[in-house]
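**Student:** predicted coordinates and the sequence they were generated for:
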Amino acid sequence: MAAFKTLDDLPSDLTGKRVLVRVDLNVPMNEGAVADDTRLRSLVPTVAELSDKGAIVLLLSHMGRPKGHVRPDMSTALVVRPLHLITGRPVRFIEDCQGPEAERAIGTMMAGSIGVLENTRFHLGEEANDPALARAMAALADYYVDDAFSAAHRAHASTEGVTHFLPSFAGRAMEAELTALEKALGNPERPVAAVVGGAKVSSKLAVLGHLVSKVDHLIIGGGMANTFLAARGVDVGKSLCEHDLVGEAEAIFAKAEAANCTVHLPYDVVVAKEFVANPSSLRTINVHEVAPNEMILDIGPAAVEALSDVLKNCRTLVWNGPLGAFETPPFDAATVALARTAAALTQDGSLISVAGGGDTVAALNLAGVVPDFTFVSTAGGAFLEWMEGRELPGVAALQR
């Protein structure tokens with residue numbers, strides 16, 4: 001990965017200097033209150049460090065999809081108080097993210113203080129990466145810091161455009177994310193395993209196609225495993241399966257073979273006739289014994305044990321997506337068991353484990369192992385695009 005500058009490259013004394021910090025304040029809201037403050041907590045190290053160095057810290061973010069319209073229910077003013085409580089510092093609201101109104105408000109701020117600028121997407125130019133808007137945002141500050149990996153896959157005015165007009169640096173959360181990703185796929189310790197789960201192959205085709213050339217073991221779970229089983233001639237009954245993508249699955253098998261990557265599919269599975277919690281028709285069977293009226297809803301214990309043995313012989317693990325229908329017990333068993341194995345190996349120091357994506361974080365939280373993984377990314381789209389091997393504009397901008 002090309003080098004990027006971090007907060008260590010900024011002057012040690014930033015007294016009175018204005019630092020524009022791109023964060024992700026796009027948090028889940030429930031009746032005007034923050035429902036999950038994970039993203040707010042992740043920005044604390046960067047904000048506290050800059051504030052302690054005397055900088056005027058200006059937080060820049062989108063929120064929701066207002067499409068250029070001013071919408072009070074999507075105003076970043078809603079997160080000012082939660083940010084004050086989390087940082088333990090005064091936080092003020094600034095009514096625009098560019099222009100004379102913002103300039104006037106910032107002019108009254110003291111060294112070390114924190115301001116939240118209004119939603120960048122209230123301006124149509126944000127998503128269009130309009131240079132005029134980017135220049136106007138940049139005019140508010142002396143330096144730009146990007147601490148929002150979750151928005152790095154978008155070339156917007158506040159993530160890419162502004163870097164053309166200000167010296168640009170990675171914040172601590174961004175730095176941690178990029179360092180972890182480099183360890184996971186950029187320059188990993190081998191052997192490398194990837195767990196890819198989820199409902200549909202169609203949403204992960206690019207990921208799978210990229211990974212087979214990068215990893216030594218590809219573990220496929222979730223509903224998408226059924227499409228690969230069907231490609232291997234297994235009758236999957238009435239399981240979720242994209243039969244029209246069997247050809248693509250066969251192409252991935254061929255690509256994996258050429259790259260010397262072993263693809264792991266379950267050979268025992270947990271099935272039921274109805275998809276409900278703890279169904280009476282539940283049974284664990286060999287993958288070739290699925291009845292026409294049964295659905296595969298999780299992978300079986302023998303497969304989990306075999307996959308645990310694979311992980312024990314690996315040095316690096318990348319995980320995206322659950323192995324079964326984990327939201328409904330008992331179809332969470334395989335995901336929880338394998339996640340706990342990965343966590344234990346990580347704690348023993350034998351495995352570097354990097355996971356990401358919305359469902360993945362939920363599944364690892366269910367298993368209670370998020371703190372035990374080397375790194376868990378809360379970014380959804382950006383993490384997936386990174387797994388597809390695509391260049392992320394927000395990251396590329398920092399490497400310029």
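**Tutor:** Thanks, I have it.
**Student:** D298 in helix, strand or coil?
**Tutor:** Classification of D298 using DSSP: H, G, I helix; E, B strand; the rest coil returns strand.
**Student:** contact partners for the residue lying closest to it once chain neighbours are set aside?
**Tutor:** Once flanking residues are discounted, D298 sits nearest to G324: 3.0 Å by Cβ to Cβ, 6 or more residues apart in numbering. To be clear about C-beta, it is placed using only N, CA and C from the backbone, and glycine gets the same treatment. Shown in contact with G324 (Cβ atoms under 8 Å, 6 or more residues apart in numbering): 197, 221-222, 270, 297-299, 331-335.
**Student:** tell me the one among those residues nearest to A134.
**Tutor:** Of all the contacts of G324, G197 has the smallest distance to A134: 38.1 Å, by Cβ to Cβ.
**Student:** count of neighbours near the closest one?
**Tutor:** 27 (other Cβ atoms under 10 Å).
**Student:** wait, isn't it in contact with G222?
**Tutor:** Yes - look at G197 against G222 with Cβ atoms under 8 Å: they come within range, at 3.4 Å.
**Student:** what sits in contact with each of those two?
**Tutor:** Common neighbours of G197 and G222 (Cβ under 8 Å, 6+ apart) are 321-324.
**Student:** restricted to buried residues, select these in ChimeraX.
**Tutor:** Selecting only the buried entries of the shared contacts of G197 and G222 in ChimeraX, with 16 or more other Cβ atoms under 10 Å as the criterion:
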select :321,322,323,324
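**Student:** now E103. Its backbone dihedrals?
**Tutor:** phi -60, psi -40 (degrees, to the nearest 10).
**Student:** residues in contact with it?
**Tutor:** 139-140.
**Student:** just the strands in the stretch 301-400 of the chain please.
**Tutor:** 316-320, 352-356, 375-377 (DSSP state E, counting those that start in this stretch).
**Student:** buried set for the first one?
**Tutor:** Translated: strand 316-320. Here strand 316-320 shows 316-320 as buried, counting by 16+ other Cβ under 10 Å.
**Student:** and the residue nearest to L78 when sequence neighbours are not counted, what's its pLDDT?
**Tutor:** Sequence neighbours aside, G32 is the residue nearest to L78 in space, at 6.2 Å (criterion: Cβ to Cβ, 6+ apart). On pLDDT, G32 comes in at 88.
**Student:** distance check, G32 against L60.
**Tutor:** Distance of G32 to L60, given as Cβ to Cβ, to the nearest Å: 22 Å.
**Student:** compare these two and say which is more crowded by neighbours.
**Tutor:** Neighbour count, other Cβ under 10 Å: between G32 and L60, L60 has more, with 31 against 8.
**Student:** so how far is R135 from the more buried one?
**Tutor:** L60 is 14 Å from R135, by Cβ to Cβ.
**Student:** ditto for N313
**Tutor:** Counting by Cβ to Cβ, the gap from N313 to R135 is 53 Å.
**Student:** so what touches the top helix by length along the chain?
**Tutor:** Counting by DSSP state H, the longest helix found in the chain is helix 333-347. Contacts with helix 333-347, where a contact means Cβ under 8 Å, 6+ apart, come from 195, 197, 221, 270, 298-301, 303-304, 307-308, 311-312, 317, 319, 322-324, 326, 351-353, 363-364, 366-367, 369, 372-374.
**Student:** may I see the buried residues of it?
**Tutor:** 333-346.
**Student:** domains in the protein, by residue range?
**Tutor:** Structural domains assigned to the chain are 7-173, 188-387, following automatic domain parsing.
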